[in-house]
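*Asks:* For reference, the sequence and a predicted model appear below.
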Amino acid sequence: MTKRILACQLALVMLIGMLPITVLADDGATTYYVDANTGADDTGSGTQQQPFRTVQKAAQVAKSGDTISLGAGNYTLYGVNSTGTTKGKDLTFVGQGVDTTSWNIGAEVPDPDKYGTEYNGDYSLDGAGTITFKDMKLRSGKADYLGFIRADNTVVENCTVEGKTFYWGYTSATFTNTTFICPPGDYAVWTYSSPTMTFDHCTFESSGKIINVYTDYGAGTHDITVNFKNCTVNNSAHIKQVLKINASNMGNYKYILNISGDNKVSGVEPNGTTCSRMFGFEGSQNSGRTVVYIEGEKVWEKGVRVGSHSQDFTTGSYDDGVAEGTANKYTEGYKDNAFDILKATEWAPQSDG
């Protein structure tokens, strides 16, 4: 009897040793590994020792909440149906760094016959829940209407986004510690599909245009909120403000901009309407459907500066409608002597310009 028990135990140990091992997180989620260089094929177990060859295979076997670790190389799901891969799932894709792992958003070369339509977009995340990208370079092109079509939420952390994108999470899009490399003379991103878009500790390398606060997809159906905090803009051409707004088609809804933290901006001129480097309009785009807050204080509403040039003659106090603090030095043109007084007026410049 004892020998039979020992034999059974030994057989069980040997069987367990032959089973593929995946890494389980504390919450029960699994990490699968993909390596375009060392993964022999997709018949492996998806472990670190036997990685899958393609990200498609990992997305097929992963359950919602799982993580997919990508090795060195270029990856994409473009052209892969989201059904059976990403649809209905929350997935996290983690690379080995922006100089090591890349992800192509859409085709490497957009189809010229589809320019001006969403059909150059990437449908591989259609119907997905929350998709997170970490520690990699995300590559897009310069054509309009590029990006991930109909994902619910997108989160980008510690990445570089190279090229122009329109489509991110259809509920929210959050970018943290991410560098945007704008195409020459073009925007990095349009606030096109995301009702809430957040940029936190991001850097923008641009040559004239940065963020286009505009949509025709969601225009007149809901408010669109843009949070911009602790970001750096390095611009080499004085064309557009950081947040260039076109609110002409928003109907009864608004763009709501929350600017906060220590935002550093170079190479951007103040807008002639708002006197701001951070946000501006062109012509009829200032339709009164934009509300702007700086450090939580409302500074723009109904097409004009809130509290602009208001003075209490009883106390002598003056309210320029802008939150105080050196963190906002570069948000308003007048604060760094951006304007000259060209003729005599009743107004006199104060010490801050």
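*Replies:* Right, received. Where do you want to start? Numbering: from 1, shown residues only.
*Asks:* Contacts for stretch 94-103, please.
*Replies:* 67-76, 93, 133-139, 158-160, 179 (Cβ atoms under 8 Å, 6 or more residues apart in numbering). Glycine gets a C-beta too; all of them are placed from N, C-alpha and C.
*Asks:* Buried residues, stretch 203-218. List them.
*Replies:* Within stretch 203-218, the residues scored as buried using 16 or more other Cβ atoms under 10 Å are 203-215, 218.
*Asks:* Stretch 250-257 too?
*Replies:* Quick answer for stretch 250-257 (16+ other Cβ under 10 Å): 250, 253-257.
*Asks:* Please apply the same query to stretch 57-70.
*Replies:* So, applying 16+ other Cβ under 10 Å, buried residues of stretch 57-70: 57-59, 61-62, 65-70.
*Asks:* These into CSV, with extra columns for secondary structure and distance to residue 306?
*Replies:* Below are these laid out as CSV (DSSP: H, G, I helix; E, B strand; the rest coil; distance: Cβ to Cβ, whole Å):
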residue, secondary structure, distance to residue 306
57, helix, 55
58, helix, 50
59, helix, 48
61, helix, 54
62, coil, 48
65, coil, 44
66, coil, 47
67, strand, 45
68, strand, 47
69, strand, 48
70, strand, 47
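*Asks:* Now do the helices for this protein: every range, in order, please.
*Replies:* 2-18, 55-61 (DSSP state H).
*Asks:* Now do the shortest one: distance to the chain's middle.
*Replies:* Think helix 55-61. 24 Å (Cα atoms, centre = their mean, to the nearest Å).
*Asks:* what about it, average pLDDT?
*Replies:* Helix 55-61 comes out with an average pLDDT of 97.
*Asks:* re the thing from before, residue 270: which of the buried residues of stretch 203-218 is nearest?
*Replies:* Nearest to residue 270 among these is residue 210, at 14.5 Å by Cβ to Cβ.
*Asks:* contacting residues for the closest one?
*Replies:* 180, 182, 187-188, 204, 233, 235, 240-244, 268.
*Asks:* same question, residue 91
*Replies:* 59, 62, 64-68, 128, 131-132.
*Asks:* What is the nearest of those residues to residue 38?
*Replies:* Of these, the one sitting nearest to residue 38 (Cβ to Cβ) turns out to be residue 68, at 15.6 Å.
*Asks:* quick one, what contacts the closest residue to the closest one other than its chain neighbours?
*Replies:* Excluding its sequence neighbours, the residue lying closest to residue 68 (Cβ to Cβ, 6 or more residues apart in numbering) is residue 58, at 4.6 Å. For residue 58, the contact set (Cβ under 8 Å, 6+ apart) comprises 32-34, 46, 52, 68.
*Asks:* What lies in contact with stretch 162-172?
*Replies:* 105, 118, 121-122, 130-131, 137-155, 181-183, 186-190, 192-198.
*Asks:* taking the residues you listed one by one, which sit in strands?
*Replies:* 130-131, 137-139, 153-155, 181, 189-190, 196-198 (DSSP state E).
*Asks:* So the residue nearest to residue 68 versus residue 112, what's the distance?
*Replies:* The gap separating residue 58 from residue 112 is 32 Å, by Cβ to Cβ, to the nearest Å.
*Asks:* Show the low-confidence segments of the stretch 251-353 of the chain, by residue range.
*Replies:* Along the stretch 251-353 of the chain, the parts satisfying pLDDT under 70 run over 307-353.
*Asks:* Tell me where it has strands.
*Replies:* Residue ranges of the strands in the stretch 251-353 of the chain, as given by DSSP state E, counting those that start in this stretch, are 255-260, 264-266, 279-280, 290-294, 297-301, 304-305, 310-311, 318-319.
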